[in-house]
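Novice: what's the 3D shape of this:
(chains A and B)
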Amino acid sequence: VAKTSLTSPPWPEAKLPDPVEEAKYHAEVVQKVNKMIATGQYGRLFAVVHFASKQWKITSEDLIMMDNVLEAECGDRIRMEKVLLVGADDFTLIGRPLLGKNLVRVEATVIEKTESWPKINMRFRKKHNYQRKKIITNPQTVLRINTIEIFPCLS
Amino acid sequence: RYVRQLQRLQLLFSPTAADARGARQFVEEAALDFAQRHPDVVLYVSPCAGRAPRLLAEYLNGTVREELIASKTSEEIVQLATKLAGQSGLDIIRIRKPFHTDNPSIQGQWHPLTNKPSALTVRGPRLQPQ
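Specialist: Predicted coordinates for the structure are as follows:
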């Protein structure tokens, strides 16, 4: 069959590596990362956490504000599940979509439960003598992330 | 380690005025429970005639918040007091970002030259991908 401009795709053809070799390479990388975690060679950890219908990129000792009310009192320690990604300087652990609970541990404390600044909700229709004014204050909670820990139990 | 930001709560009310009825009921019934539930907040109760009943809250950074409690039931005053106890002394203004970090980048901040081959290997006009 004659070769036209559309026989092969315009991008260069990619050759996939051998599955056996790839499995060996994967196992080696996993062992290396496990050893690194076990010996504690990582510096600062960051994590991507799904919380209050939003995804946050958090490190230790940083503040996060929710626009809702949590059922925990001020000063309670909270463990966050639903961790999507954990990373350090040399390696990252990506979850599909979540990471296991025996791998990562993210702890936070509730610092403050306040209200937001007073927002004005006004409705006005011209020439109809219609205006309504309402002041809305949403309850907010402030959390401080205490620690992010990882445990060397990869596979 | 959690430190409550509320230092003290001063309750000013007058024993005779009609709109301080909720404050008087709060002092009789719920003030002890509130003080026991929040052991690190000091609660001062000072009756003084001829003044509108108010609740003064002082925080650790020096801000003072005054709330009027005239014609409020004692449950509302309890809710107000718990809300004040959970707040910190920062001003309630519009905050621009709901997060705050001291170390925003760990693996190095991205700039347009990351993940690109260095200039030593590329020379001459740009090679088109085949």
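
Novice: the chain: helices as residue ranges?
Specialist: No chain in the question, so chain A it is. Counting by DSSP state H, chain A has helices at residues A:19-39.

Novice: was after chain B, sorry
Specialist: Assigned by DSSP H, the helices in chain B fall at B:21-25, B:31-37, B:74-86.

Novice: quick check: which of these is nearest to A:Arg44?
Specialist: Of all those, helix B:74-86 sits nearest to A:Arg44, with 30.2 Å by Cβ to Cβ. (Each C-beta comes from the backbone N, C-alpha and C, glycine too.)

Novice: nearest residue to the residue nearest to the spatial centre of chain A other than its sequence neighbours?
Specialist: Against the mean C-alpha coordinate of chain A, by Cα atoms, centre = their mean, the closest residue is A:Val48 at 1.8 Å. Using Cβ to Cβ, 6 or more residues apart in numbering or on different chains and skipping the chain neighbours, the partner closest in space to A:Val48 is A:Leu85 (4.0 Å).

Novice: mind listing what the one you found touches?
Specialist: A:47-48, A:92-95, A:99 (Cβ atoms under 8 Å, 6 or more residues apart in numbering or on different chains).

Novice: and of those residues, the nearest to A:Glu22?
Specialist: Looking across those and measuring by Cβ to Cβ, the closest to A:Glu22 is A:Ile94, at 17.3 Å.

Novice: re the thing from before, wait, doesn't the residue nearest to the centre of chain A sit right on A:Leu84?
Specialist: Yes. Under the criterion of Cβ atoms under 8 Å, A:Val48 makes contact with A:Leu84 at 4.6 Å.

Novice: okay, and the common contacts of those two?
Specialist: Common neighbours of A:Val48 and A:Leu84, using Cβ under 8 Å, 6+ apart, are A:Gln55.

Novice: taking the contacts of A:Leu85, please make a PyMOL selection of just the buried ones.
Specialist: To isolate in PyMOL the members of those that are buried, counting by 16 or more other Cβ atoms under 10 Å in any protein chain shown, one can use:
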select buried, chain A and resi 47+48+93+99
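
Novice: how far does stretch A:22-37 sit from the chain's center?
Specialist: In terms of Cα atoms, centre = their mean, to the nearest Å, the gap separating the centre of stretch A:22-37 from the centre of its chain is 24 Å.

Novice: spatially central residue in chain B, please.
Specialist: Nearest residue to the geometric centre of chain B (Cα atoms, centre = their mean): B:Gln87, 2.6 Å.

Novice: OK, contacts around that residue?
Specialist: A:112-114, B:5-6, B:57, B:59, B:65.

Novice: then B:Gln5?
Specialist: By Cβ under 8 Å, 6+ apart, the residues touching B:Gln5 are A:112, B:59-61, B:87-89.
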